[in-house]
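**Student:** Sharing a model prediction with you, sequence too.
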Amino acid sequence: MDKAEAPEALKRFLDTYNKAYRELDPSLANQVETGPLGAISTADLTAQHAGSPGGNPSYSPLKLSDVTYLIPKQVGWPKFFVADTDSNRDANRWLFVFTRNGADEPWKAAYLSIL
C-alpha cells in the first residue's frame with residue numbers, strides 16, 4: 001500500500017458517507033463501506049429513507065480531524081489499514097478499519113470502533 005492511498009481513501013469515504021446520509025441513500029454508502037459497518041449503515045439508511053424519502057437536507061456533515069494512519073506491512077490479499085480519527089460528533093476517538101481484496105478494488109470501511 002502506498003501511504004498516500006490512506007488519506008485519499010478516508011476523504012472518499014467521508015465525502016460519500018456525508019452524501020449518503022444527506023440523501024438517505026444506502027447504495028451510496030455501499031460504495032465506501034463493507035462488512036459489519038456496511039450492514040449497519042444500509043439498515044440505518046433504509047429505515048431513515050422510509051420515513052424521509054426526500055432525504056435529510058438538514059444533515060450535519062461528519063467531519064474527521066487529527067488523523068493518524070496505522071498501515072502494517074502486508075503480503076498478499078486482503079489488505080487493511082486503520083484510521084484513528086477525532087470527529088465532530090463527540091469527544092471520543094473513532095477508529096476505522098479499511099479493507100480491500102485486490103489492487104483494482106476501492107478501499108472500503110469495514111469496521112468502526114468508537115473509543
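**Tutor:** Sure, I can see it.
**Student:** Please count neighbours and contacts with C-alpha atoms only from this point.
**Tutor:** Will do.
**Student:** which of the residues in stretch 13-23 are buried?
**Tutor:** 13, 14, 16, 17, 18, 19, 20, 21, 22, 23 (16 or more other CA atoms under 10 Å).
**Student:** any idea of the pLDDT on the fifth one?
**Tutor:** Yep, that's residue 18 we're talking about. pLDDT recorded at residue 18 is 98.
**Student:** next one: the first one
**Tutor:** According to the model's per-residue confidence, residue 13 sits at a pLDDT of 98.
**Student:** Tell me how many other residues crowd the residue nearest to residue 78 when sequence neighbours are not counted.
**Tutor:** Among residues not flanking residue 78 along the chain, residue 101 sits closest, at 4.2 Å (CA to CA, 6 or more residues apart in numbering). By other CA atoms under 10 Å, the residues close to residue 101 number 14.
**Student:** Serialize the buried residues of stretch 13-23 to a markdown table and add fields for secondary structure.
**Tutor:** What follows is those, written out as a markdown table (DSSP: H, G, I helix; E, B strand; the rest coil):
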| residue | secondary structure |
| --- | --- |
| 13 | helix |
| 14 | helix |
| 16 | helix |
| 17 | helix |
| 18 | helix |
| 19 | helix |
| 20 | helix |
| 21 | helix |
| 22 | helix |
| 23 | helix |
